[in-house]
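Chemist: here you go, sequence then predicted model.
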Amino acid sequence: MSLTLRFEQLLIVTLCLGLVLESNANLSFIFGNTTLFNVNFKSPAWLGRSLPVVNNVRIDNDVDPNILEDSHLNTYGLIHKYGYPAENHTVVTDDGYILTLHRIARPGATPVLLVHGLLDSSATWVMMGPGKGLGYLLYEQGYDVWMANVRGNTYSRGHTKYTHNHAKYWDFTFHEMGVHDIPSSIDFILKKTGYPQIHYIGHSQGTVVFWIMGSERPEYMKKIIYMQALAPVAYLNHCKSPVVNFLAEFHSSVSFILKLIGVHEFLPQNEFIVMFNQLICDETTITKEICSNVIFLTTGFDKYQLNETMLPVVVGHAPAGASTKQMQHFGQLRRSGTFRQFDYGWLRNHWRYNSITPPDYKLENVKAKVALYYAENDWLAQPDDVEALSLHLPNVVAQYLVDYPKFNHLDFIWGVDARDLLWDRMLRNMQSIDNDHFRDNLTA
C-alpha cells in the first residue's frame, strides 16, 4: 500500500473520529513540516462553522399521503397536480447539452426566469405548494413563470453526443452554465413569448451564473429588465460552509477529494457525509434525512423557518445533481478570495488563458439593474462578501439585509415566513421596475 493511500485513509479516519467523539480536546495533524489542520473534536475551526446542538425537527413516521406523493412527483407533475398550467420545454445549448425548462404558463404576460441554486432544480420554486412557493406566487401576481434547470441536474442530463455516464459529459463547472445554459434559456423564452426582455430571479448559484453571463456575454444584459439576487454568491472570503471550506483546504489533494466526493458526478461517499453531519446534527435530536442530505450539510438550515411537515418533499427533490468540477470550483473561489474562472494549474492555465492564473470575471460588465437580498445567518453568502460584491457591480438599485438574524441560505426559497420577510418586498420592487419600464417605453 502506497504512502499516499495510507495517509488518505488515516486522514479520513482521523477526521471522522474528530467529528464524532464527544470531547473538547484539540487535534493537530502534522504531515512533514505542514500542519494540515487544528481541530476541536466537536467543531473544526478550519471548516468554518460551530453550531450549538439544539432540539430540531423530526419527520413523523405517519407521513401525509399527499406530501408523500409530492415527494415523488417531478416539477411538471407538481404544477399540474395543483391545477396550474404546466409546460415542459427542451433547450439545446450551443455546446450540445439538453436542458429542460419548466413553465407555469401565462401567455402574453411578462416572462420571469427563475434559476435555482447549487444541488437544486426547478422543483425548488414549487415544491412547497401553492401559496408557499415563489413560482406560484409570481404566477398569481400576473407573470409568465419559467424555471431553468442547468446541466447535470435531475432534469438536464442529456447531451447530443455524450451520455451522463461519460466523463466528458461532466467536464463543466458553473462557468459553462453562465456562458451557455442561461443565454440559451433566455433566447428560447424570448423567442417563445415574443418579449424583448425578461425578469430574472436567481438563488445562490443562480446568481453566480448570472454574473458570469454578464462578464462573458455582456450583450445579454440588454435582455434583462431586472435581476433579483437571493443569497448572492461571488466572493467567499467569509464563507462558513463546512463543505466548501473543506474543498478549499484540500484543493491540492485531488485523488483524496475525488475519492470522497465522486470522480465526475458529485456523489459523496459515506466517509464524507460522516465528516460533516456532526457539525449540524445530533442523533438524538434531529432526523437522519437532514443529517445525510448534502445540501443541508453544505448550506446549513434554520429550524425555525424549515417546515418539518414538508421535509419529505424536500429530500425527495434535493440534492438534484452537480459535477465534481463544479464543487471544486467553489472551493477554489473560497481559497483564492477572488471571483475567477476555474484554476487548472499554472501549465494548463497558460495554455487555456495565456496566463498562469485564471482571469477574474468582469463584474463591471454586469450592467443590468440588480437587487441584492442577503442574510446574517447565510453560510455561503455572508454579508461582508455580498457587500464586497455590491462594490463591483455597476448598477445595484436595491440592497436588503433580511430583518431576521437566523435567516439562512435555504430560507430564501423554503422559509416558512419568506413571503413576509422578503418576497412581498421583491414583488413591490418588480412592480416598481415594471412601471418605470412601461413609462420608458411610452416615451421612447
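Modeler: Received, thanks. Residues are numbered from 1 along each chain as shown.
Chemist: remind me which residues of the stretch 1-150 of the chain are low pLDDT?
Modeler: By pLDDT under 70, the weakly predicted segments of the stretch 1-150 of the chain are 1-62.
Chemist: show me the helices in it, by range?
Modeler: For the stretch 1-150 of the chain, the helices defined by DSSP state H, counting those that start in this stretch occupy 3-20, 65-72, 75-81, 134-140.
Chemist: what of the stretch 201-350 of the chain?
Modeler: Ranges of helices in the stretch 201-350 of the chain, per DSSP H, counting those that start in this stretch, are 205-216, 242-249, 254-261, 270-280, 288-291, 294-299, 311-317, 324-336, 346-353.
Chemist: out of these, flag the one nearest Lys81.
Modeler: Closest to Lys81 of these is helix 311-317 (Cβ to Cβ; 12.0 Å). (C-beta placed from N, C-alpha, C; glycine too.)
Chemist: check the gap between Ala86 and Ser241 for me.
Modeler: According to Cβ to Cβ, to the nearest Å, Ala86 stands 33 Å off from Ser241.
Chemist: so which of those two has more stuff around it?
Modeler: With neighbours defined as other Cβ atoms under 10 Å, Ala86 and Ser241 compare such that Ser241 has more, 28 against 18.
Chemist: shouldn't the more buried one be in contact with Phe296?
Modeler: No: Ser241 lies out of contact with Phe296 (Cβ atoms under 8 Å); the separation is 10.8 Å.
Chemist: would you agree Gly206 is in contact with Gly117?
Modeler: Yes: under the criterion of Cβ under 8 Å, Gly206 makes contact with Gly117 at 5.5 Å.
Chemist: where does pLDDT dip in the stretch 301-444 of the chain?
Modeler: In the stretch 301-444 of the chain (pLDDT under 70), the answer is 438, 441-444.
Chemist: and the strands in it?
Modeler: Remark: strands assigned in the stretch 301-444 of the chain by DSSP state E, counting those that start in this stretch are 370-374, 396-401.
Chemist: indicate which one of those is closest to Ser323.
Modeler: strand 370-374 (26.2 Å).
Chemist: alpha carbons of the closest one, as PDB, please.
Modeler: C-alpha atoms of strand 370-374 as PDB (Å, rounded to 0.1, in the frame of the first residue of the first chain):
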ATOM      1  CA  VAL A 370     -29.600  44.400  -9.800                       C
ATOM      2  CA  ALA A 371     -31.200  43.900  -6.400                       C
ATOM      3  CA  LEU A 372     -29.200  42.000  -3.700                       C
ATOM      4  CA  TYR A 373     -31.000  40.200  -0.900                       C
ATOM      5  CA  TYR A 374     -28.900  38.600   1.800                       C
END
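Chemist: okay if I get the helices of the stretch 201-350 of the chain as CSV plus mean neighbour count?
Modeler: Formatted as CSV, those follow (neighbours: other Cβ atoms under 10 Å):
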stretch, mean neighbour count
helix 205-216, 25
helix 242-249, 24
helix 254-261, 17
helix 270-280, 19
helix 288-291, 18
helix 294-299, 24
helix 311-317, 22
helix 324-336, 22
helix 346-353, 13
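Chemist: of all those helices, which one comes closest to Asp144?
Modeler: Short answer: helix 205-216, nearest of the helices of the stretch 201-350 of the chain by Cβ to Cβ, at 18.3 Å.
Chemist: quick one: that closest one to helix 324-336, angle?
Modeler: Put simply, helix 205-216 runs at 80 degrees to helix 324-336, going by axes from the mean of the first three to the mean of the last three Cα atoms, to 10 degrees.
Chemist: number of nearby residues for His392?
Modeler: Considering only other Cβ under 10 Å, His392 is surrounded by 17 other residues.
Chemist: mind listing what it touches?
Modeler: His392 makes contact with Ala234, Leu363, Glu364, according to Cβ atoms under 8 Å, 6 or more residues apart in numbering.
Chemist: repeat for Gly194
Modeler: Not one residue lies near Gly194 by Cβ under 8 Å, 6+ apart.
Chemist: before we move on, what about the one 3 residues further on?
Modeler: Gln197 makes contacts with Leu190, Lys222, Lys223, Ile224, Ile225, His437, as judged by Cβ under 8 Å, 6+ apart.
Chemist: mind putting those into a markdown table with distance to His102?
Modeler: Listed next are those as a markdown table, based on distance: Cβ to Cβ, whole Å:
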| residue | distance to His102 |
| --- | --- |
| Leu190 | 17 |
| Lys222 | 25 |
| Lys223 | 20 |
| Ile224 | 20 |
| Ile225 | 21 |
| His437 | 25 |
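Chemist: which of those count as buried?
Modeler: Those of the contacts of Gln197 that meet the buried threshold are Lys223, Ile224, Ile225, His437, by 16 or more other Cβ atoms under 10 Å.
Chemist: now the residue lying closest to Gly133 once chain neighbours are set aside: how far from Ala322?
Modeler: Once flanking residues are discounted, Gly133 sits nearest to Val126: 4.4 Å by Cβ to Cβ, 6 or more residues apart in numbering. Counting by Cβ to Cβ, the separation of Val126 from Ala322 is 21 Å.
Chemist: and what of Pro232?
Modeler: Separation of Pro232 from Ala322 (Cβ to Cβ): 19 Å.
Chemist: same thing with Pro394?
Modeler: 30 Å.
Chemist: over to Val112?
Modeler: From Val112 to Ala322 the distance is 24 Å (Cβ to Cβ).
Chemist: likewise for Ala388?
Modeler: Ala388 is 25 Å from Ala322, by Cβ to Cβ.
Chemist: which one of these two has more residues nearby?
Modeler: Ala322 (28 against 16).
Chemist: per-residue confidence for the spatially closest residue to that one that is not a sequence neighbour?
Modeler: In this structure, Ala322 finds its nearest non-sequential neighbour in Phe266, 4.4 Å apart by Cβ to Cβ, 6+ apart. Looking at Phe266, its pLDDT reads 85.
Chemist: contacts only, for Phe266.
Modeler: With Cβ under 8 Å, 6+ apart, Phe266 has these contacts: Leu119, Val294, Pro319, Gly321, Ala322, Ser323, Thr324, Gln326, Met327.
Chemist: with Val416 instead?
Modeler: Going by Cβ under 8 Å, 6+ apart, Val416 touches Tyr304, Gln305, Leu306, Asn307.
Chemist: any idea how far the helix or strand harbouring His199 is from the middle of the chain?
Modeler: Taking DSSP states H and E as the criterion, the element that holds His199 is strand 198-203. Relative to the chain's own centre, strand 198-203 is displaced by 14 Å; criterion: Cα atoms, centre = their mean, to the nearest Å.
Chemist: I'd like the average pLDDT over it.
Modeler: Computed over strand 198-203, the average pLDDT equals 98.
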